[in-house]
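> Got a predicted structure plus its sequence, pasted below:
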Amino acid sequence: MIQTIRAKDRHHHQSDWLSAYWHFSFLTYNDPNNMNFGPLRVFNDDVVVPGKGFVEHGHQDMEVVTYVIDGALEHKDNMDNKGIIRPGEIQRMSAGRGVRHSEYNHSQKDPVHFIQLWITPAENNLPPSWDQKSFSLAERSGKLLPIAVPAGKNGNDCASTVQIHQDATIYTSLLAPGQSTTLKLGEGRRAYIFVIGGNLKLNGESLNPGDQARVTGERELQLSGAPDAGSSGADFLLLDLP
């Protein structure tokens, strides 16, 4: 089954410095029927104005993954980790038994657009940790590129991936018009797809920018950049989840 949620049906939060689309219940958005999708607890599509951001705050027992679409996001935490996340980079923070951090738009003139998702870990009370990796445009073109994998999977062979403490994999992909790829899902697995830009065909169904698909009970996903005249292909994230 594929449940499609269109961009216009997402919950939108607007303040003087933040425009956010929350895919699941979060802060002031409370829907008991939309709390999570398997271990995926939060999926936020945020735009922060220049020079603003999230003041220092705490997390516990959560895998926090940040993916920048446009601009630059600055991260600092109480483990003395500092980083600036730009397009082509992914950051993972395992909150474990507790961590505090802040996130700010690094630019004083341009907005930053990013995705932040939270995944509940398979084990609580782990030591907090942080990692950041980069990937090239060529690496994700025409295929599904894993950028976050379960901790311990593939060892040190995947230099461009971060490792999360859950049996979940995050892929990024950029498919040109008419270009296609497939993903086979194990029994009982689910998938979550978010279209960043362009037009995606998912098992024959059209998904547009801002659309999401929640997939259960499917064993194979056929994904392609829409071949329609004027299409720019598809830029999307895909999560393979238990």
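Here it is on my side, so go on.

> Contacts for the host helix or strand of residue 116 next, please.
Residue 116 belongs to strand 112-119 when assigned by DSSP states H and E. Counting by CB atoms under 8 Å, 6 or more residues apart in numbering, the neighbours of strand 112-119 from elsewhere in the structure are 39-48, 62-73, 85, 105-106, 164, 166, 168, 170, 194, 196, 237, 239. (Each C-beta comes from the backbone N, C-alpha and C, glycine too.)

> partner strands of it, parallel or antiparallel?
Paired neighbours of strand 112-119 in the sheet (DSSP bridges): strand 40-48 (antiparallel), strand 63-70 (antiparallel).

> Now do the next helix-or-strand element following that strand against strand 63-70, angle only.
Counting by DSSP H and E, the element after strand 112-119 in chain order, helix or strand, is strand 129-134. Relative orientation of strand 129-134 versus strand 63-70 (axes from the mean of the first three to the mean of the last three CA atoms, to 10 degrees): 30 degrees.

> Check which element follows strand 129-134 along the chain.
On the C-terminal side of strand 129-134, the nearest following helix or strand under DSSP H and E is helix 137-140.

> List the buried residues in that next one.
Judged by neighbour count using 16 or more other CB atoms under 10 Å, the buried positions of helix 137-140 are residue 140.

> shift numbering so it begins at 679
Yep, numbering from 679; the last one is helix 815-818 now.

> quick check: mean pLDDT across the next helix or strand after that helix?
Using DSSP H and E, the helix or strand that directly follows helix 815-818 along the chain is strand 823-828. Mean pLDDT, taken over the full extent of strand 823-828, equals 96.

> roughly how far out does strand 823-828 sit from the chain middle?
Once both centres are worked out by CA atoms, centre = their mean, to the nearest Å, strand 823-828 turns out to sit 11 Å from its chain's centre.
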